[in-house]
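**Student:** Curious how this folds, go ahead:
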Amino acid sequence: MSLNSGEGDAIPLERPGTESEKVIHLIDNETIQVKCNRSGHTAVNKTFEFERVYGPSNSQESIFEEVCPLLTSLLDGHNVCIMAYGQSGSGKTYTMLGPHSEGNITFSLESQIDEGIIPKATRELYRLISNRSDTHSIDVSIVEVYNNEIIDLLAKSSRGKLGVKPEIVTTLVDGSDIPLLAYTHVENPATILNIISHGLRHRAKHSTLIHEHSSRSHLVITITVTTKATADNRPDVCASLNSQSSQSVAVNHSTTESTMFSRHLKSKLQLVDLAGSECIGMSGVTGAALRETSFINRSLSALSDVLGALAEQRSHIPYRNSKLTHLLQDSLGGDAKLLVMVCVSPGQKYITESLQSFGFGYRARQVRKGHTRKKILVCPGLRPGLPNPSAMLASM
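**Tutor:** Now for the predicted structure:
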């Protein structure tokens, strides 16, 4: 089993807030120090090491450079997950989506320097596809996990109400599939961004003492890439290749003397903007918002448990303890690749939440990659899957 989250770590620190004292300091590109001596509190002096640390002066473009290798792996048949973790208001949505106001996201038709990982990854994916000879088909789905329910942000019920709650179905190969999910076929990055913008308008939000437009759900955007390669080959050659792979081969009889063999590789890119981890006392929520916070924290705890089980290479991984982890199962194990952006606010007021976020990042970093199966297109002469490069854990 392989989860590639131990290398290429990146930690972008959120822009300074209104706190008079910053307790998180960049030592170098790989090290940060948390140092705090509050009156009446236990002194804190801890150092955390990552393989890449980003500060307030780093650009969105520099952070995205860590993402690009994963998109190549996606086209080579690997499932990829990129997620942002941290407390409310620490910069997760800015990192993943880019600038926004009053909780609304709009995307420019042209590439912007300060846009987030999701629009940059969408544009880069199509650029990579344009340089390949294979045929690719792309479909997109957008869901939110709200109060441990999966809500399809693109689907409408029979009464026209947006948001359908499909159930997760576990497949025979222990992957997760949602057959009722609304997938939209897309032809270009502009279409994807328009669909995402449409879905984001219906995401659950609620004001807290920490963040006026706090997202109360985990957003999961799934971009499914189906790669098809064809070539004229002798049946015995293709059969030999197929015997070394678990992928199926479709045979299409043509009018020519040779037979056309084709193979489809399907891979998923899951882009995740997690809801903020919160201390209930600090967020000041009550009633329905308190219930939301409870579900958020429980699902984030379940995610941490899954990463811990993978790090310890346990025989049982508790994917089904949460709808979030069940939904992400295909991207949190096997030969999938995971990039975690851990966002923190450097102010003294948030030191407890920041230390908790660093603890999550440390746990994720303990997951080391194992043997990765190489994905090979069945038709000789086409570009095979590249060797498994190191993936990254990014923490802010």
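**Student:** what are the ranges of the helices in the stretch 201-350 of the chain?
**Tutor:** Remark: helices assigned in the stretch 201-350 of the chain by DSSP state H, counting those that start in this stretch are 235-242, 280-283, 287-311, 323-327.
**Student:** just checking, what packs against the longest one?
**Tutor:** Helix 287-311 makes packing contacts with strand 135-146, strand 205-206, helix 280-283, helix 323-327, helix 351-365 when contacts are defined by 3 or more Cβ pairs under 8 Å, 6 or more residues apart in numbering; DSSP states H and E. Any C-beta I mention is one placed from the backbone N, CA and C, and that applies to glycine too.
**Student:** Wait, Glu49 touches Asp28, no?
**Tutor:** No - Glu49 is beyond contact range of Asp28, at 9.6 Å (criterion: Cβ atoms under 8 Å).
**Student:** Same drill for these two, tell me which one is more crowded.
**Tutor:** When Glu49 and Asp28 are compared on other Cβ atoms under 10 Å, the one with more neighbours turns out to be Glu49, at 13 against 8.
**Student:** Bridged to the more buried one, which residues?
**Tutor:** Per DSSP bridges, the residues bridged to Glu49 are Thr31.
**Student:** ok, now Lys268?
**Tutor:** Beta-bridge partners recorded for Lys268 (DSSP bridges): Thr224.
**Student:** before we move on, back to that, out of the helices and strands packed on helix 287-311, flag the one nearest His41.
**Tutor:** If you check each of the helices and strands packed on helix 287-311 against His41 by Cβ to Cβ, helix 351-365 wins as the nearest, at 8.8 Å.
**Student:** Buried ones in the closest one, by neighbour count?
**Tutor:** For helix 351-365, burial by neighbour count (16 or more other Cβ atoms under 10 Å) applies to 351, 353-358, 360-365.
**Student:** Reformat those residues as a markdown table; add distance to Thr224 and pLDDT.
**Tutor:** Below are those laid out as a markdown table (distance: Cβ to Cβ, whole Å; pLDDT from 0 to 100):
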| residue | distance to Thr224 | pLDDT |
| --- | --- | --- |
| Ile351 | 40 | 87 |
| Glu353 | 34 | 88 |
| Ser354 | 35 | 90 |
| Leu355 | 37 | 90 |
| Gln356 | 33 | 90 |
| Ser357 | 30 | 91 |
| Phe358 | 33 | 91 |
| Phe360 | 27 | 90 |
| Gly361 | 28 | 87 |
| Tyr362 | 32 | 85 |
| Arg363 | 28 | 85 |
| Ala364 | 24 | 86 |
| Arg365 | 28 | 85 |
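**Student:** Out of those residues, flag the one nearest to Asp330.
**Tutor:** Ala364 (17.2 Å).
**Student:** was I right about that closest one contacting Met341?
**Tutor:** No - contact criterion Cβ under 8 Å: Ala364 and Met341 do not qualify, at 10.5 Å.
**Student:** Got the phi and psi for Asp76?
**Tutor:** phi -90, psi 10 (degrees, to the nearest 10).
**Student:** wait, Pro119
**Tutor:** Here is the backbone geometry of Pro119 (degrees, to the nearest 10): phi -70, psi -30.
**Student:** Report the contact partners of it.
**Tutor:** Residues near Pro119 by Cβ atoms under 8 Å, 6 or more residues apart in numbering: Leu97, Gly98, Phe107, Ser111, Gln112, Pro189, Leu193.
**Student:** Go again with 7 Å.
**Tutor:** By Cβ atoms under 7 Å, 6 or more residues apart in numbering, the contact set of Pro119 is Gly98, Phe107, Leu193.
**Student:** Out of these, which one has the lowest pLDDT?
**Tutor:** Scanning the contacts of Pro119 for pLDDT, the low point is Phe107. It has 74.
**Student:** Skipping adjacent residues, who's closest to that residue in space?
**Tutor:** Setting aside the residues directly before and after it, Phe107 is nearest to Leu193 in space (Cβ to Cβ, 6 or more residues apart in numbering), at 4.0 Å.
**Student:** how about whichever strand or helix holds the one you found: buried residues?
**Tutor:** For Leu193, the enclosing helix or strand under DSSP states H and E is helix 189-200. For helix 189-200, burial by neighbour count (16+ other Cβ under 10 Å) applies to Pro189, Ala190, Ile192, Leu193, Asn194, Ile195, Ile196, Ser197, Gly199, Leu200.
**Student:** Now render the residues you listed as JSON lines, adding distance to Ile296.
**Tutor:** As requested, the buried residues of helix 189-200 are exported to JSON lines (distance: Cβ to Cβ, whole Å):
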{"residue": "Pro189", "distance to Ile296": "31"}
{"residue": "Ala190", "distance to Ile296": "32"}
{"residue": "Ile192", "distance to Ile296": "27"}
{"residue": "Leu193", "distance to Ile296": "27"}
{"residue": "Asn194", "distance to Ile296": "28"}
{"residue": "Ile195", "distance to Ile296": "25"}
{"residue": "Ile196", "distance to Ile296": "22"}
{"residue": "Ser197", "distance to Ile296": "24"}
{"residue": "Gly199", "distance to Ile296": "19"}
{"residue": "Leu200", "distance to Ile296": "18"}
